[in-house]
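Participant: Here is a sequence with its predicted model. Questions after.
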There are 2 protein chains.
Amino acid sequence: MYGLFFQNIAKHIQLNSAEELQLKSKLHFKNVAKNEPLLKIGEHCRTIYFVDKGCLRIYQNHENGDETNILFCPENWWACDIMSFSLGTPATYAIEALEDGEVIGIDLKDLEELYMEIPKLERFFRILFQNGFALYQNRLTLALSTSAEIRYTLFNKQYPMLINRISQKHIASYLGITPVFLSIIRKRKL
Amino acid sequence: MYGLFFQNIAKHIQLNSAEELQLKSKLHFKNVAKNEPLLKIGEHCRTIYFVDKGCLRIYQNHENGDETNILFCPENWWACDIMSFSLGTPATYAIEALEDGEVIGIDLKDLEELYMEIPKLERFFRILFQNGFALYQNRLTLALSTSAEIRYTLFNKQYPMLINRISQKHIASYLGITPVFLSIIRKRKL
DNA sequence: CGCGACGTTGATTTGCCTCAACGATTGTGG
DNA sequence: CCACAATCGTTGAGGCAAATCAACGTCGCG
């Protein structure tokens, strides 16, 4: 039932059975269908999601109707609009399911209580955000200093399991290029 | 002597005087000269720096000799190569002073002890990395979806105090463009 | 079956880069 | 304090990376 959830937690902290029980009492389970929105822009992001099955995308949309996928969240990842979640501001990112799947949510209020009750969780999320920080830092460096073709090659190496799961349209957006140009790059590499 | 340091801490947590004393005992003060390196690529990043005066840059260099500035750290910011610091791997980012200034360092080992002694610090750095995460997320979205001209305009608005402090060469690198093209953009905007 | 979204391909345009030359500024050694 | 070198910012010419626009075949879905 809890799938990968407690394994994921155990990567950084160890909970005793009382703490595990306490945490379990705050979890919400949710089945999501392909294309189902979990967060819309302008809403207040009240929940942080752990992906147990399926894949989410976090994205922003622009005036002209275009979208930018900022992150794919397959199994074992976490997803939320962090600014909206922590500051209570309207979300500037949207979250949507790319596949049917299952997520586990923790509500903001519950998380704040949990931080008090299980201080180790503060450590867990410190490490989680620290890793996310490093991840984005590297992607930013790549985006600023390398060509689309190199970024696509690296994406292939780093996330081979996603290549055939996610449409090229969405991968192109993640790489910051148009689907047309991604198609050209792919042809070149054959 | 502690300058902006404890104000910065107080933005997210409150320390009692015993805790403050304990923290003070772990701080290292350092004067830095313009162009002085604080971390070189390949070294193990053992210290996280708080900038009290002056300005640092965090950057990566590429095979061809080019550099990419990933972040400027003026007064009241923190700087380290987070992956190297937390995992003990060789640094992939370098840190260097852009101006004469003063920094306050906390060593990794001391920080780990401090996390035990003052669990609130875990919260402080959780929030710090959470904010950094959000900052990079936004910059990545910008880098992927907007033109250099727009990015320069936003940089102007967001960091007006840095525009006349940092050479165009470094700003261009931060924006992911060449100094030549930045010059063209600036001319356009007159 | 028929419609709409997707991926491909070609023609053309645009954003940004490279290379090179030139003053202006900064830094350095004598 | 001057002279010289080195670095910086600007400008112009030309080139490449990636975008736009448009047309077409394919596929999934109602």
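Facilitator: Here it is on my side, so go on.
Participant: so where do the strands sit in chain A?
Facilitator: According to DSSP state E, chain A carries its strands in the segments A:27-32, A:37-39, A:47-53, A:55-61, A:67-74, A:78-79, A:94-97, A:101-107.
Participant: Would you give the sheet partners of the second one, along with the direction of each?
Facilitator: Based on DSSP bridges, the strands next to strand A:37-39 in the sheet, each with its direction, are strand A:94-97 (antiparallel).
Participant: tell me which residues form a beta bridge with the residue lying closest to A:L111 once chain neighbours are set aside?
Facilitator: Of all residues not flanking A:L111 in the chain, A:I48 sits nearest, at 6.8 Å (C-beta to C-beta, 6 or more residues apart in numbering or on different chains). From N, CA and C alone the C-beta is placed, and that goes for glycine too. Beta bridges link A:I48 to A:I106, judged by DSSP bridges.
Participant: From A:R139, how far out is A:I48?
Facilitator: A:I48 sits 21 Å away from A:R139, going by C-beta to C-beta, to the nearest Å.
Participant: Those two: which is more packed in?
Facilitator: A:R139 (24 against 21; other C-beta atoms under 10 Å in any protein chain shown).
Participant: Skipping its backbone neighbours, what lies nearest that one in space?
Facilitator: Nearest to A:R139 is B:L140, by C-beta to C-beta, 6+ apart, at 5.7 Å.
Participant: Report the contact partners of the one you found.
Facilitator: A:I70, A:Y136, A:R139, A:L140, A:A143 (C-beta atoms under 8 Å, 6 or more residues apart in numbering or on different chains).
Participant: which residues of chain A fall in helices?
Facilitator: A:5-10, A:17-24, A:82-87, A:108-117, A:120-145, A:148-158, A:160-163, A:168-175, A:179-188 (DSSP state H).
Participant: What distance do you get for the residue nearest to A:R139 to A:I166?
Facilitator: Applying C-beta to C-beta to B:L140 and A:I166 gives a distance of 18 Å.
Participant: Same question for A:R46.
Facilitator: 27 Å.
Participant: And for A:S145?
Facilitator: Distance from A:S145 to A:I166, by C-beta to C-beta: 24 Å.
Participant: before we move on, what about A:L111?
Facilitator: 29 Å.
Participant: Any idea how far stretch A:13-25 is from the middle of the chain?
Facilitator: Distance of stretch A:13-25 from the chain centroid (C-alpha atoms, centre = their mean, to the nearest Å) equals 23 Å.
Participant: For that stretch, what does the pLDDT average out to?
Facilitator: Across stretch A:13-25, pLDDT averages out at 97.
Participant: in it, what counts as buried?
Facilitator: Buried residues in stretch A:13-25, counted by 16 or more other C-beta atoms under 10 Å in any protein chain shown: A:I13, A:L15, A:E19, A:E20, A:Q22, A:L23.
Participant: if I look at the fifth one, how far off is DNA strand D?
Facilitator: Using C-beta to the nearest atom of the strand, to the nearest Å, one obtains 41 Å as the distance from A:Q22 to DNA strand D.
Participant: How about that residue, nearest residue that isn't a chain neighbour?
Facilitator: A:E117 (6.1 Å).
Participant: can you check the third one too?
Facilitator: The spatial neighbour of A:E19 that comes closest, neighbours along the chain excluded (C-beta to C-beta, 6+ apart), is A:I118 at 5.1 Å.
Participant: Same check on the fourth one?
Facilitator: Leaving aside its sequence neighbours, A:E20 sits nearest to A:F6 (C-beta to C-beta, 6+ apart; 6.8 Å).
Participant: Just the pLDDT for the one you found.
Facilitator: At A:F6, the model reports a pLDDT of 97.
Participant: mind listing what A:Y59 touches?
Facilitator: Applying C-beta under 8 Å, 6+ apart, the residues contacting A:Y59 are A:E67, A:T68, A:N69, A:I70, A:Y93, A:A94, A:I95, A:E96, A:S173.
Participant: interface residues of chain A facing DNA strand C?
Facilitator: By C-beta under 7 Å from any atom of the strand, the residues of chain A that approach DNA strand C are A:S167, A:Q168, A:K169, A:P179, A:V180, A:L182, A:S183, A:I184, A:R186, A:K187.
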